[in-house]
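In: Dropping the sequence and predicted coords here.
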Amino acid sequence: MLIERHLELSEHHQSFAEVDEEVTNLTSHEVQFRVSAYGRTGFGPTSNPSLPVKIPISENDLATSAGAPLAPGRPTVIAVDGQGVLLEWTAPIADVHSSPPQGYQVEYRVYGSRDWMIANEQLVQDTMFTVESLRPNGVYEFRVRGKNQDGLGHPSLSSGGVAIRPAAPQRNLPARKVSDSVNPPGQPQMVEAGDDWVKLEWAPSAEQAGYIVEYREVGDPTWHTANYDPIVQNGIQVEGLRRNSTYEFCVISVIDNLHSHPSETSDIIHLRPMGRASSLRVVPELAEAPEFLDVDGDKITICWLPAHSQLPVMGYDVEFRDLQQDDRWYKVNDQPVFACKMTVGDLILDHDYQFRVLAHNASGCSQPSPPSQFVHIEPSTNRLSAHTLDSPNLGHHDIVKYVEAERFGAVPLLQEEMVRESPPLPERDDSPPPLRRANNNVQWRDPSLKEVIEYLSSADKDKQLNASGYLQHLTYSDNLIKEETRELGGIPKLIALLRSDTPRIQKNACACLKNLSYGKENDANKIAVMEADGVRQLSEVLRTTHDASVKEEATAALWNLSSADMLKPVILESATEILSQQVMAPLFSGQGSAASDPSRHFGSTLFKNSTGILRNVSAASQAARRRLREVPNLIEALVHFLTHSIQKNQVDTPTVENAVCLLRNLSYRIQEVVDPNYDPAAAHVNSKNMKHAASPKPKKKEKESKKKESKKNPKNIVTGPSLLWQPHVVKLYLKLLQDSSNIETLEASAGAIQNLAACQFPPSAEVRAAVRVEKGLPVLVELIRLPEDFVVCAVATALRNLAIDPRNRELIGKYALRDFLEKLPEPGTPRRSAVSDQTIAAVLGILFEIVRSSAAYTKDVHELKGTDKLRFLSRNYPTYSHRVARYASQVLYVMWQHKELQDGFRRSGLREADFCASGPRKGDSSTLARPISSQGRERPSMHNLDETLSSGGGYGTMDHHHRSTVTPNSANRPASATSQTIQRRYDQVPNSGGPVYASVQKQPSPRGKDVDDSWV
C-alpha cells in the first residue's frame, strides 16, 4: 500500500511521496502550508497550518514602473521539437491604470536555476512564439512579460518544467546488417548551404569505410536516403531539398556490407538563399600546452584543455619529440583522438620527451600548441617517480591533473597546498557531468548527492572510486554541499573507505575529508570526523600506505582538522609519531639518496603538511609542547631543515614558515625543559629578592659533574630541547629576519628570539648575549619600520626582552631610541589604527628599561619630545587601553626619579605632578620590568588555554588565584582557530596582584670580556 502526503495550497494540489518537498512557482508574497495523508480510502484530515512564510520578491519580478502592464496568462506549450518549443499565452486583463502592452518579452531558464534569460531580440507582437536553440533532452521553464511605453510589466506564472525531447526517428529503409563492430562516423557539420542544397562534412570512422547519408525535414518522422551507394569521401552535397525549410542529417558507416549505427544527428540547418557559411570556415584556435596526468614506466598519459573553435572540433592529433635523437616532431596517433586525453607508450627509458596537440574541425587543422614541459622517463610503479618530480624541467607544483567533464573536455584539477582545494567544475547549463559514461557514449542521468553518498558504501570498487572522486569536486568551495554531506551520513562512509586496499579510493576519501574540514565555518564537520574515529584512521593510513599521493592527501586532511582546538589533543595522541617520522626522514634515512640530497624530501607536499600539523598542535597546551620536545631528533631535524633552506636561499616557502612557527612554539616557556615546575609568577618573586650581581663562580661539585658529562659526550654535541637555545640556532633566526620576505616567517623568528630571551635561567642570558654578538640588534631595529603591525609587535617585544641585558640596553638606547619614539603617537593627533596597543606597550617596555638605567638616555627621551608623547598616552584612556595608559605613567614616574634631571624638566614648564599624575606606587614599575613570552597569533582560543594563559598575552598581569582556575575543560567547546584567524589577546588589564613576569637576574655575558659588543 502506497501512503503519500498531500500538500495543499491555494494554487497547487499535488501529492508527494517524499517527506521533504520543494514548492515552486509561488505567486503570493506570504503563504502558509498544511499537509494531509493520502491512502487507499482517500485523503485524511489536514495538519495545522504552518507559520506564514514571506516570499522575497526578486528585482527581476518587479515591474519597472507603476503604469507597466499586468502579468499575461501562464504560457502553455503547443509543440516541442528537438531543439525548440512553441509557446502560447493570453494577453493580460484590461487595467484602467496601465495601457495595453505594445509587445511581449519571452524569458526562459534551466529548470531549477535562478536566472532568467531573454529569448527574443525584438518584442513579440502576437501571443505565440517559438523559442529555439535549446539543449536537446534539457528541461526548461518559460514565462512572458508585457511591455508598453511605461516600461516592463510583471512576469506571468511559470510554465513549469518542459522537457525538450526530439521526436522518435523512424526509418523507411531496406533492411541492413547493423554491426556493433563498425564505428559510426562523426556528427555531420554544415559547410555551405543554399536555398535547396546543403554541403556537409564529418569525421571519418575508418580508412576503408564508405558512408550513407540520411536526412529528414524537421517534424517529419521519416528518414530519407541521400545516396543509396556508399561514398568513400567524408563529405557530400545534398540537393533537391525543399526551399526555406529546416533539415537534420546523420551518416552511417559501411564496411563489407556491415552497417554502423547512425551518427549523432546534425544541428538543425535552416535553408536560406545562398546562405554560405564562409565566415565559419575558420580552423580551431591554438590549443594550450598539454599537461601530464600520469607517468608509469615507459607509458605517459597526457591531457589538455579543449581548443576553442567556431565549428565543432572533430578530433586532435598528438605529436612528440625526443631531443636525444633529433629535434623533429612525430605524430603519435593514426586516427583522430576525440577525448582530451591520450596514453603514449613504448617510450625510451632515461629519455626526455615533449608533446603538443593539433585540433581539427571541418575547416582544417589548427597550428600546433605550445610544447609541454619535458618529462623524464624512468622505471616507476604506477606513480610519478621522485626523480621525475625533481626534474629541473618539471616541478612538483607544475603537475596538473585533469578530470574529464561532459561537453567541456578536460578541466584542470590543480594539486594545491592544504589550504587550497581542487578547483570547481566549470559553469554548466543545467547539470553537472555524469558520474560515469558508457562505452557507446550513452550519457547516464546525473546522480543526486544522496545517491553519490550511497555509492560510497557500494561493494563495487569502481563505484566507490567514481563516487568518492565526484564527491571531492562537489564539496569544493561549497559549504552547503559540505553541510548536506554531513547530514546525509557521508563522513562515516568516507572514513570507512580509508580502510580500502585500493590506494586511489583512499586518496579520494582523504581529499573529500580535506575539503569537508576546510575553514572555520565547517567546525561541525571536523567534530563529526573526530566522533567517527577519523583522526585515528587517517593516522593509520599514514602508517600503512606506501603511496605518496595518499600520504599527501591524508596529511592535508589532518592539517585542516588540526585547526580546531578540540581535535588537537586527539591528533597529538594518534599522529605525533608518524608525523615526526616524516619530518625526520631526510636526517636519519641512512646512506641513501635522501640522506645525501634532502632537497626532494624538503620540497615535498608531505613534508610541508607534516610540519603544518605539528605547528598547529604545538600551540595547544603545555602538555603538547612537552610531548613534542621529547620526540627524539625532531628538533634536530627542524634545525637541519632551516640550515639547508638558508643555504639554498629558499627562505620564503610555506614549509620554512611552518618550521619556524613550530620552533617558536616549542621555545615558549623554555625554562620548563630544565625546571618542570617552572612558574613565571614564582620566578618573578625570586628574581625580585635576588641582587643583580654577576654570576657566582661554579662550585667544585658542579665542576666535577660537568667533567663527567664531557667524558660521556666527548664531542660536546647538544641534542634535544637544549638545542633550542644554542647560539647557532639563534643565528638561524637572525638570518631569516635578514633574508625572508614572508611576514609570517618574520613574526615567528622574532617570536622565537622573544621566547628564548624571556625566562630567568642562564640560557636566556646567553641568548641575549648571542643576539648582540651576531649583530642581531640592528636587524631587529630595522624591522621596526615595517608596515605590518603584528611583525612590529613581535620584534618590539623581542627587543624589550633583549634590553634586560645591560649591554643590549645601552646599544639600543644609543642607536635606536629615535625609532621607538616614532612609534608613539603625536600629542593631539587622532588614533593611528596602524599601530596597535600591544605594539605601543612593547615600545613602552623598552623605554622603561632604557630610562630607569640611564639619566643620559632619559634626557634624550625628553629632548626627542618623548615626554609629551608619554603624557599624551597616560591621559588618553579609553582612546588607548588602560594598560598603555598605565605603562606610560610608569615610564614618566621613573623619569622623574632621576633627580639630576628635575631642574631641566622644570625649565621646560613641567612639574612633578606631570610625571606622577596617576600616582603609581614605586613598586608598580615592576609591571614593565619583566620579559615576555608569546605564542604569537597561533594561540588557542580563550576557552581552551592551558596554564600558559598567564604568559601569552603581552604585558598584562593577572591574579594568581584566578589564573589557576582556567583549565582546558572550564568551558564548552571553543570556536576553531587557525594560525591565520586566531585573534591575539593582549588587552588583559593589569591589577593589583603580583605581575606574572618580573625582570631576570642581570648577569654579565658568559662569553668573556673579549666579545665584540659593537652595534654593527
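Out: Looks like it arrived, so ask away. Computed from a predicted structure; not experimentally measured.
In: What residues sit buried inside stretch 753-770?
Out: If you call a residue buried by 16 or more other CB atoms under 10 Å, then stretch 753-770 has these buried ones: 753-761, 763-770. Any C-beta I mention is one placed from the backbone N, CA and C, and that applies to glycine too.
In: Equivalent analysis for stretch 900-907, please.
Out: When neighbours are counted by 16+ other CB under 10 Å, the buried residues of stretch 900-907 are found to be L901, Q902, F905.
In: okay if I get the residues you listed as CSV plus secondary structure and pLDDT?
Out: What follows is the buried residues of stretch 900-907, written out as CSV (DSSP: H, G, I helix; E, B strand; the rest coil; pLDDT from 0 to 100):
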residue, secondary structure, pLDDT
L901, helix, 89
Q902, helix, 87
F905, helix, 87
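In: for this structure, what are the low-confidence residue spans?
Out: Using pLDDT under 70 as the threshold, the predicted model of the chain has low-confidence ranges 1-20, 24-29, 40-42, 54-65, 166-175, 272-281, 380-446, 586-597, 680-716, 917-1016.
In: what's the domain layout of it?
Out: Each structural domain of the chain that the record assigns through the TED database is listed here as a residue range: 76-164, 189-271, 294-382, 446-563, 788-929.
In: and of these, who's closest to I635?
Out: I635 lies closest, by CB to CB, to one member of the domains of the chain: domain 446-563, at 19.5 Å.
In: Work out the gap between that closest one and the centre of the chain.
Out: Between the centre of domain 446-563 and the centre of its host chain there is 16 Å, according to CA atoms, centre = their mean, to the nearest Å.
In: Next: stretch 225-239.
Out: 55 Å.
In: Ends of that stretch, what's the gap?
Out: 12 Å (CA to CA, to the nearest Å).
In: quick one: buried residues of it?
Out: For stretch 225-239, the buried set under the neighbour-count rule, 16+ other CB under 10 Å, comprises A226, P230, N234, G235, I236, V238.
In: Am I right that the fifth one falls within a strand?
Out: Yes. Judged by DSSP: H, G, I helix; E, B strand; the rest coil, I236 forms part of a strand.
In: my guess is it meets N227, correct?
Out: Yes. Using CB atoms under 8 Å, I236 is in contact with N227, at 6.7 Å.
In: Give the residues shared as contacts by those two.
Out: V213 (CB atoms under 8 Å, 6 or more residues apart in numbering).
In: got a markdown table for the domains of the chain, with distance to G67 too?
Out: A markdown table is the format used below for these (distance: least, CB to CB, whole Å):
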| stretch | distance to G67 |
| --- | --- |
| domain 76-164 | 3 |
| domain 189-271 | 39 |
| domain 294-382 | 44 |
| domain 446-563 | 41 |
| domain 788-929 | 51 |
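In: Name the SS class of R145, please.
Out: Here R145 takes the strand state, with states given by three-state DSSP.
In: How about E107?
Out: In three-state terms, and counting by three-state DSSP, E107 is strand.
In: contacting residues around stretch 113-132?
Out: In this structure, residues lying in contact with stretch 113-132 by CB under 8 Å, 6+ apart are 60, 72, 78, 83-91, 102-109, 140, 142-143, 147, 155, 430.
In: which element follows the helix or strand where I252 lies toward the C-terminus?
Out: I252 belongs to strand 246-255 when assigned by DSSP states H and E. Per DSSP H and E, the first helix or strand lying C-terminal to strand 246-255 is strand 258-259.
In: got the contact list for that following strand?
Out: Among residues not part of strand 258-259, those counted as contacts by CB under 8 Å, 6+ apart are R176, K177, V178, S179, S181, V182, I212, I252, S253.
In: 10 Å instead, please
Out: The set of residues external to strand 258-259 that reach it, using CB atoms under 10 Å, 6 or more residues apart in numbering, is 173, 176-182, 184, 210, 212, 230, 252-253.
In: ok, which pair from these is furthest apart?
Out: Spatial extent of the contacts of strand 258-259 (CB to CB) is set by the pair L173 and S181 at 20.4 Å.
In: Of the two, give the one with the bigger neighbour count.
Out: Residue environment comparison for L173 versus S181 gives the larger neighbour count to L173, 15 against 7, counting by other CB atoms under 10 Å.
In: coming back round to it: name the nearest of the contacts of strand 258-259 relative to D868.
Out: Distances from those to D868 were compared by CB to CB; the smallest belongs to P184, at 89.4 Å.
In: The closest one and E214 touch, don't they?
Out: No. Counting by CB atoms under 10 Å, P184 sits too far from E214 to count as a contact (12.0 Å).
In: Ends of stretch 826-840, what's the gap?
Out: According to CA to CA, stretch 826-840 extends 12 Å from its N-terminal end residue to its C-terminal end residue.
In: all strands for the stretch 301-450 of the chain, in order.
Out: Using DSSP state E, counting those that start in this stretch, the strands assigned to the stretch 301-450 of the chain run over residues 315-322, 330-331, 341-344, 352-361, 364-365, 375-376, 400-405, 409-414.
In: Let's have those strands in CSV, adding distance to I491.
Out: Conversion of those to CSV gives the following (distance: least, CB to CB, whole Å):
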stretch, distance to I491
strand 315-322, 40
strand 330-331, 49
strand 341-344, 32
strand 352-361, 40
strand 364-365, 49
strand 375-376, 37
strand 400-405, 23
strand 409-414, 22
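In: most neighbours per residue, which of the ones you listed?
Out: Using mean count of other CB atoms under 10 Å, the stretch among those with the greatest mean number of neighbours is strand 352-361 (a mean of 22).
In: The stretch 551-700 of the chain: helices as residue ranges?
Out: Shown for the stretch 551-700 of the chain, the helices assigned by DSSP state H, counting those that start in this stretch span residues 568-584, 593-596, 599-602, 605-618, 622-629, 634-647, 654-666, 680-689, 700-712.
In: Quick check: buried residues in the longest one?
Out: What it means is helix 568-584. Of the residues in helix 568-584, those buried under the neighbour-count criterion (16+ other CB under 10 Å) are 568-572, 574-576, 578-584.
In: With stretch 245-257 instead?
Out: For stretch 245-257, the neighbour count (16+ other CB under 10 Å) marks T246, Y247, E248, F249, C250, V251, I252, S253, V254, I255 as buried.
In: show me the contacts for the closest residue to A796 other than its chain neighbours.
Out: Distance criterion CB to CB, 6 or more residues apart in numbering; nearest residue to A796, sequence neighbours excluded, is A842 at 3.6 Å. By CB under 10 Å, 6+ apart, A842 lies in contact with 754, 784, 792-801, 820, 823, 836, 887, 932, 954-955, 986.
In: what's the helix or strand for A842?
Out: Under the criterion DSSP H and E, the helix or strand holding A842 is helix 837-853.
In: where's that helix relative to the chain centroid, distance-wise?
Out: Using CA atoms, centre = their mean, we find the averaged C-alpha position of helix 837-853 to lie 39 Å away from the chain's own average C-alpha position.
In: ok, then the element right after that helix?
Out: Once helix 837-853 ends, the next helix or strand along the chain (criterion: DSSP H and E) is helix 855-863.
In: Return the distance of the nearest residue to W896 once chain neighbours are set aside relative to A885.
Out: Counting by CB to CB, 6+ apart, the nearest residue to W896 once its immediate chain neighbours are dropped is F915, at 3.7 Å. In this structure, F915 and A885 are 14 Å apart, going by CB to CB, to the nearest Å.
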